[in-house]
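**Q** What would the 3D arrangement of this be:
(one chain, ligands or ions: 1)
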Amino acid sequence: MDFFELAAGRRSVRAYLDTPVTEEQVQRILACGHGAPSGGNLKEWRFIVIRDPEQKRRVIDATYSRNNESNPPQEWLAEAPVLIAVAADLSVAAGRYGRHGIDSLVYLDCACAVQNMLLAACSLGLSSCFVSGFREHQMGEALGLPPELEAVALLPLGYAKVPGVKRPGAPVEDVTFFERYGEGPAAP
Ligand SMILES: Cc1cc2nc3c(=O)[nH]c(=O)nc-3n(C[C@H](O)[C@H](O)[C@H](O)COP(=O)(O)O)c2cc1C
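**A** You can find the predicted model right below:
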């Protein structure tokens, strides 16, 4: 599929068929994630692939819905045959960039890896969704993360049961400025 169609057609999907996702598909998606740009080429993301139903349960229990930690877990994740957790190695980022590394770079880097994986999944006919609604500490425990690693994202992988819908949003012209914020294109 043409890249522009792929990027424009990608949608967050929250309902999956039980059709299996192959190991080869997962490996190709991970390779795209690992190929993302990162500050100083640190590649301080860490990927944890989860297929085991009991482990999925522990991970899903660490999530919450609609931006409120006291809300119930995002149960729809249970339908996805594979979950990929993305964690950031804070010690690597801090070691090279200090405060800036852990305040911002790790999250920017992980987001780059996540976006590559979302598009790679789409390109393989799979669907996904960027999920960050989880209690970081509980997620860290569920994943067995050491203290220097922080869970940043969770990506379900599977074939869409219900296609994602395009959500309305401001046209790109409304969020684009020229030379300085608030200024439109020069008059012709
Ligand atoms: C940083 C981030 C966190 C998100 N967390 C969640 C989440 O916890 N649960 C969820 O269902 N969707 C989550 N989303 C998906 C957004 O709701 C979705 O991307 C947005 O509504 C636009 O829809 P689209 O991805 O189909 O274009 C998240 C997206 C981003 C970028």
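
**Q** Could you use CA atoms for every contact and neighbour count after this?
**A** Noted.

**Q** What parts of this protein come near the ligand?
**A** Contact residues, the chain versus the ligand (C-alpha under 6 Å from any ligand atom): R11, S12, C129, F130, V131, S132, G133, K166, R167.

**Q** Show the buried residues in the residues you listed.
**A** Among the residues of the chain next to the ligand, those classed as buried by 16 or more other C-alpha atoms under 10 Å are R11, S12, C129, F130, V131, S132, G133.

**Q** Between those residues, which sits nearest N67?
**A** G133 (6.3 Å; C-alpha to C-alpha).

**Q** Next, work out how far apart the closest one and S70 are.
**A** Distance of G133 to S70, computed by C-alpha to C-alpha, to the nearest Å: 11 Å.

**Q** what is in contact with these two at once?
**A** Residues touching both G133 and S70 (C-alpha atoms under 8 Å, 6 or more residues apart in numbering) are Y64.

**Q** before we move on, back to that, next step: the residues of the chain next to the ligand restricted to helices.
**A** Among those, none falls in helices (DSSP state H).

**Q** In a markdown table, list those residues along with distance to A94 and pLDDT.
**A** As requested, the residues of the chain next to the ligand are arranged in a markdown table below (distance: C-alpha to C-alpha, whole Å; pLDDT from 0 to 100):
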| residue | distance to A94 | pLDDT |
| --- | --- | --- |
| R11 | 34 | 96 |
| S12 | 32 | 96 |
| C129 | 28 | 97 |
| F130 | 25 | 98 |
| V131 | 25 | 98 |
| S132 | 22 | 97 |
| G133 | 25 | 97 |
| K166 | 38 | 83 |
| R167 | 37 | 82 |
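
**Q** Near the closest residue to T176 other than its chain neighbours, how many other residues are there?
**A** Excluding the flanking residues, the one nearest T176 by C-alpha to C-alpha, 6 or more residues apart in numbering is G184, at 7.9 Å. Neighbours of G184 under the rule other C-alpha atoms under 10 Å: 13.
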